[in-house]
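**Student:** okay, predicted coordinates and the sequence, questions at the end:
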Amino acid sequence: MRKTAVVTLILIGLMTLGVVCIQPIKAEYQGDISINADGSISPSTAPIERLGDSYILTSNVIGNIAVKTNNIVFDGNGHVISGFQMYSVKNETLRNLIITGGNIGIALSDVSNVTITNNTITGTSALPLMPTAGIDVVRGSFSIIAGNNFVDNKVGISLVECSHNVIVGNNFTGCSTVFLLYDSSSNTIYHNNFINNTIMLEDTGYLGYGIVSVNIWDDGRGLGNYWSDYLTRYPNATEIDTAGTGDAPYFVRPHGYVDPSSLSGEAKDYWSRLNALCASNIDRYPLMKSFTTTPPKISVQSPLNQTYNDSSVPLTFSVDVLSPDKSVNWTGYSLDGQDNVTVTGNATLSGLTNGLHNVTVYAKDTFGNEGASETITFTVALEPFPTTIVIASVASAVVVGAGLLVYFKKYRRQYDSNNLSGVRVSDSSMAEKAMLLFRELL
């Protein structure tokens, strides 16, 4: 009895000290993961569920994930990882990841048509002389970076020899440098929030090599970016009517900008030439207030996670953009990991076969933020066609056919005996045609 009491007291003491933990611990996977060129996952025990060309992360990962195949969708499903890489790939979508710390959050090299959306990247940094960025792109083109959150990174986005990319609807907050560029022009950057960052643009080509990156900083139709220092730099700026934009264009000046007015000779000519190019980095429609970059929230009412005895199942969903200044401008769905199908509202999933199916609904708002519903998995179990009806139908056909054969043979004998004149040998009687047709049906 005394022994039991002593053990009980020891356990209570350990729990008080926090040695015994009764709180559930969220599962984590340790180690690097690769999605190989053939679409396989290494190692096979990695916490990734594959549904066709869609890969869904099912737990946090202490390690990096590398993608080496084309034409896939990788959904982080809100989980935390150490880093993500894509090299020499195209037609990819990466979404719903949380990346904290490390040197580079998402690294891309020699890529095209990649969409990076709804990810949160925080606290990336590096030792001196080491590259670092929330998203680092080397030789990338025709890609979209939309609806992501960059918080307290040493560098938000680094672009090296990149062009024709779109950066829209992102939040950059507390970054030491927002953009680090080298020889990267003709990218479109608009409707982003730039809040309390130290350096907006560092162009290494401008200071070191006489190469200026010239980009487009608004959509050309009245929609620019929000700059938290806008009114500090342009204190006399006022809102244009009720458009929400200021009347003073925002000059995206590179860090270390050299004013040639105090120079002379070749130095003045050199910096005047570069600054003439820099002058094109203008946001003509700077926003007077920040906006929300929260993606649309999508709720699916049908199908449910259940079994359906029909090859057609209703697709019913609702979309909430969570902000009064936004609206939905595109909706679609992906069935069984296939390409998105655009719809304007509720639809019907038809032609479904027996077995397991899954569907994900997507919506994009007017700011380019894309949201995704929870992936719904359901089963179709079609009832087999009644075999008794088939057997009865075949039996009936045989009986009727036999009767027809007897009738047509009798008719033919009567017809031949009458020896009617005027009938050519090459002609076929109606009886012969009927028998031929019946034999084809059998």
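**Tutor:** Happy to help now that I have it. Numbering: from 1, shown residues only.

**Student:** the helices in the chain, which residues?
**Tutor:** Ranges of helices in the chain, per DSSP state H, are 2-16, 204-208, 230-233, 265-278, 387-418, 430-441.

**Student:** where among those helices is average confidence lowest?
**Tutor:** With a mean of 41, helix 430-441 has the lowest mean pLDDT of these.

**Student:** what's the spacing between T124 and S82?
**Tutor:** Using C-beta to C-beta, to the nearest Å, we find T124 at a distance of 11 Å from S82. C-beta here means a position set from N, CA and C on the backbone, and glycine is covered the same way.

**Student:** distance of T100 from R273?
**Tutor:** 42 Å.

**Student:** of those two, give the one with the bigger neighbour count.
**Tutor:** Taking other C-beta atoms under 10 Å, T100 and R273 do not tie; T100 has more neighbours (16 against 13).

**Student:** so how far is S143 from the spatially most central residue of the chain?
**Tutor:** In the chain, the residue lying closest to the centroid (C-alpha atoms, centre = their mean) is T93, at 4.3 Å. As judged by C-beta to C-beta, T93 and S143 stand 10 Å apart.

**Student:** need the residues touching each of those two.
**Tutor:** Common neighbours of T93 and S143 (criterion: C-beta atoms under 8 Å, 6 or more residues apart in numbering): 114-116.

**Student:** before we move on, the earlier item: more neighbours: T124 and S82, which one.
**Tutor:** Of the pair T124 and S82, T124 is the one with more neighbours under other C-beta under 10 Å, namely 27 against 18.

**Student:** count the residues that sit near the closest residue to the more buried one other than its chain neighbours.
**Tutor:** Excluding its sequence neighbours, the residue lying closest to T124 (C-beta to C-beta, 6 or more residues apart in numbering) is N153, at 4.6 Å. By the criterion of other C-beta under 10 Å, N153 has 27 neighbours.

**Student:** now do the contacts for N153.
**Tutor:** Counted by C-beta under 8 Å, 6+ apart, N153 has contacts 105, 121-125, 132-134, 175-176.

**Student:** which PyMOL command selects the buried ones in these?
**Tutor:** Buried subset of the contacts of N153, written as a PyMOL selection, criterion 16 or more other C-beta atoms under 10 Å:
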select buried, resi 105+121+122+124+132+133+134+175+176
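
**Student:** least confident pick among the contacts of N153?
**Tutor:** Lowest pLDDT within the contacts of N153 is found at S125 (93).

**Student:** show me the contacts for the spatially closest residue to it that is not a sequence neighbour.
**Tutor:** Distances taken as C-beta to C-beta, 6+ apart put K154 closest to S125, at 4.3 Å, once the chain neighbours are dropped. Applying C-beta under 8 Å, 6+ apart, we find K154 in contact with 124-126, 132-133, 175-177.

**Student:** and the furthest pair within these?
**Tutor:** Distances among the contacts of K154 were taken as C-beta to C-beta; the most separated pair is A126 and C175, at 13.8 Å.

**Student:** shaky segments in the stretch 201-350 of the chain?
**Tutor:** Applying pLDDT under 70 to the stretch 201-350 of the chain flags residues 293, 322-326.

**Student:** run the last query once more with 50
**Tutor:** Under the criterion pLDDT under 50, no range of the stretch 201-350 of the chain is flagged.

**Student:** quick one: the strands in it?
**Tutor:** Along the stretch 201-350 of the chain, counting by DSSP state E, counting those that start in this stretch, strands occupy 226-227, 250-251, 282-283, 297-302, 307-308, 313-320, 328-335, 341-343, 347-349.

**Student:** nearest to G52, of those?
**Tutor:** strand 328-335 (8.6 Å).

**Student:** contacts for the closest one?
**Tutor:** Strand 328-335 is contacted by residues 54, 73, 296, 315, 317, 319, 321, 340-345, 347, 349, 357-366 when judged by C-beta under 8 Å, 6+ apart.

**Student:** out of those, which end up buried?
**Tutor:** Neighbour-count burial (16+ other C-beta under 10 Å) applied to the contacts of strand 328-335 gives 54, 73, 296, 315, 317, 319, 321, 340, 347, 349, 357-365.

**Student:** re the thing from before, nearest to V380, of the strands of the stretch 201-350 of the chain?
**Tutor:** With C-beta to C-beta as the criterion, V380 lies closest to strand 307-308 of these, at 5.4 Å.

**Student:** which neighbouring elements make contact with that closest one?
**Tutor:** Packing partners of strand 307-308 (3 or more C-beta pairs under 8 Å, 6 or more residues apart in numbering; DSSP states H and E): strand 376-380.

**Student:** what sits in contact with each of T124 and S82?
**Tutor:** Here T124 and S82 share the contacting residues 99, 101-102, scored by C-beta under 8 Å, 6+ apart.

**Student:** domains of this structure?
**Tutor:** 127-293, 297-380, 390-441 (automatic domain parsing).

**Student:** dump the ones you listed to a markdown table, plus distance to N36.
**Tutor:** What follows is these, written out as a markdown table (distance: least, C-beta to C-beta, whole Å):
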| stretch | distance to N36 |
| --- | --- |
| domain 127-293 | 21 |
| domain 297-380 | 17 |
| domain 390-441 | 47 |
